[in-house]
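Enquirer: Okay, sequence plus prediction incoming.
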Amino acid sequence: MKLEKDMISNSQMAFLLGIYIQGAIFCTALVFHITSRSISLISLTSLAVFLTFVFVYIKLMRLFPGHNLMGLNDIVFGAYIGKAVSGLYIFFLVVLTVANLRLLCDYVVGNYMVETPTIAIAIVFLFVVVWAVYAGLEVMARIGMLFFVIVSVFTGVIFLLSLSQIEITNFLPQFDISLIDFVRTNHIITTIFFGESFMFMMFIPCMKQQNRLGRSLLFGLIAGEISLILSSLMITGVLGDMASISNSPLNRVLRQVDLGQVLSRMEFIVTGILTFSVFMRIAVMYYAATIGLGQLLGLKSYKPLVIPIAAVVLGLVVPIFYTPSAQIACGISTWPFFSSFFTFVLPVVTLLVALLRGFFKKREEECG
Amino acid sequence: MIYVVIAAYLIIAFVGCRPLFKKKWWAEFAAYLTLLTIGFSLLTMQALGIRVPSIGQGIQILMMDVLHIGYH
């Protein structure tokens, strides 16, 4: 039984995916620890790799129309194993929500509110997220469109402002990295920036025109990719190798902007981008976790679970990583593998099991 | 801090449970209270200064030391 009753248009879905990927701009610090010159080009190869997995997601959604990720697990794996797989997904979604919330809290505490406890920032932010999740998918999709436009405009503005500071020599030489670092950077971008959008499989059945699914997802991915490339170009062009030692490189770029001694201290724009995009990112993850759990427990509505999940998220936000540097260390060493299991391995296994159990033939017979 | 956490738990539990009791949504009620208890137990442990196991650290140990997977 699908708990989500709201329907959203294809363009709303595309913008929601776009803002979701824009929310990952703040994870760029992770990849700049490995290499600083070729991120923009590597992100293109990562997108190309991810598109093969998008094909898997679309195939699964078309094979079981009207069912979301949790629903198709029950069909493909059966009641018991299906519930166990869904449970794993929900665990991952909750951990992902907590990790992103922690990232935001660390940014605010590290840059602006140094003496404020992390939990205080988390409570305030989570309050707004809970409010959005209560309102439902349709409302989130509507504000997602607005936030996508705001974040895109802001990103364009800071790119223009930082143009005067960009030095071409900072980009050279391109691809001066070892093969293992290239693979590693690709892996991080593919999982953390793009791969974690696998949770949109929870919302795809709520799209009005299912035949245009691929086009909407592609638009969202490309829109997010453009913001990612612009930010990478800014960071590399302005900071060069210095980007690798900065915890919030985008903020540092904006600190360099000083146009005629009038336009200076422009970090507020970065903070705006962060607030809008990470808010949407966390809200989408939180919402997916909530409806997934509601569906797993066979509830009539997801709403009774919204506040209890907030309590669990708040309880985990401080101890998930003892320090911000521990989060970065985990992000560049083990998290891509942990995340790959849920974002790539499980969907591919699901598709293979569906193939072995003859769901493709059944679908073809149904379609005539 | 501990009193604040307990008071918050009681207020949220009471306010949230009322509509569920009225409509006899027992499944919702059970899920609601169980998750809320887990969440507030975590918060209470932190308020009492008890070290809560870190999930991030756990993932790091599982991947690196148990499964030997990860970039070094």
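Expert: Ah, there it is. Numbers count the residues shown, from 1 in each chain, chains lettered A, B, ... in the order given.
Enquirer: okay, and for chain B, where does confidence drop off?
Expert: B:1-2, B:13-27 (pLDDT under 70).
Enquirer: and if we set it to 80?
Expert: By pLDDT under 80, the low-scoring segments of chain B are B:1-33, B:52-53, B:72.
Enquirer: What parts of it come near chain A?
Expert: B:9, B:12, B:16, B:20, B:25, B:27-29, B:31-36, B:38-43, B:46, B:51-57, B:59-60, B:62-64, B:69-72 (C-beta under 8 Å from any C-beta of the partner chain). Where you see a C-beta, it was placed from the backbone N, CA and C, and this is true even at glycine.
Enquirer: List buried members of those residues by neighbour count.
Expert: Applying 16 or more other C-beta atoms under 10 Å in any protein chain shown to those, the neighbour count classes B:9, B:12, B:16, B:20, B:25, B:28-29, B:31-33, B:35-36, B:38-43, B:46, B:52, B:54-56, B:59-60, B:63-64, B:70-71 as buried.
Enquirer: Stretch A:302-310 and chain B, are they touching?
Expert: Yes: Stretch A:302-310 reaches chain B (C-beta under 8 Å from any C-beta) through A:P304, A:L305, A:I307, A:P308, A:I309, A:A310.
Enquirer: Assign the residue of the stretch 51-200 of chain A found nearest chain B to one of the three secondary structure states.
Expert: Across the stretch 51-200 of chain A, the shortest distance to chain B (C-beta to the nearest C-beta) belongs to A:R184, at 5.2 Å. At A:R184 the chain is in helix, as set by DSSP: H, G, I helix; E, B strand; the rest coil.
Enquirer: which ones are touching it?
Expert: The neighbours of A:R184, taking C-beta atoms under 8 Å, 6 or more residues apart in numbering or on different chains as the test, are A:I34, A:I332, A:P336, B:Y71.
Enquirer: Check A:F91 too.
Expert: Contacts of A:F91 by C-beta under 8 Å, 6+ apart: none found.
Enquirer: how close does it sit to A:R357?
Expert: 25 Å (C-beta to C-beta, to the nearest Å).
Enquirer: cool, and A:F171?
Expert: 50 Å.
Enquirer: if we can go back for a sec, the residues of stretch A:302-310 next to chain B in strands, which ones?
Expert: Among the residues of stretch A:302-310 next to chain B, DSSP state E puts none in strands.
Enquirer: Buried among those residues? Make that a PyMOL selection.
Expert: Only the buried entries of the residues of stretch A:302-310 next to chain B go into this PyMOL selection, using 16+ other C-beta under 10 Å:
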select buried, chain A and resi 304+305+307+308+309+310
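Enquirer: Just give me the closest of the residues of stretch A:302-310 next to chain B to chain B.
Expert: A:P308 (3.3 Å).
Enquirer: The closest one contacts B:A31, doesn't it?
Expert: Yes: look at A:P308 against B:A31 with C-beta atoms under 8 Å: they come within range, at 7.3 Å.
Enquirer: From B:R51, how far off is B:M45?
Expert: In terms of C-beta to C-beta, B:M45 sits 8 Å off from B:R51.
Enquirer: neighbours around A:R265, how many?
Expert: Using other C-beta atoms under 10 Å in any protein chain shown, A:R265 has 9 neighbouring residues.
Enquirer: what about it, which helix or strand?
Expert: A:R265 is located outside every helix and strand, with elements delineated by DSSP states H and E.
Enquirer: cool, the one 5 residues further on as well?
Expert: Element membership for A:V270, per DSSP H and E: helix A:267-296.
Enquirer: just A:I226 next, same as before
Expert: With DSSP H and E as the test, A:I226 turns up in helix A:213-239.
Enquirer: Which strands and helices lie in contact with that helix?
Expert: Helix A:213-239 makes packing contacts with helix A:10-22, helix A:28-32, helix A:39-63, helix A:137-162, helix A:249-256 when contacts are defined by 3 or more C-beta pairs under 8 Å, 6 or more residues apart in numbering or on different chains; DSSP states H and E.
Enquirer: quick one: low-confidence parts of chain A?
Expert: In chain A, residues with pLDDT under 80: A:1-6, A:26-29, A:33, A:35-38, A:172-176, A:243-248, A:256-267, A:366-368.
Enquirer: The helix of greatest length in it to helix A:267-296, inter-axis angle?
Expert: For chain A, the longest helix by residue count, based on DSSP state H, is helix A:79-111. The directions of helix A:79-111 and helix A:267-296 differ by 160 degrees, with axes from the mean of the first three to the mean of the last three C-alpha atoms, to 10 degrees as the criterion.
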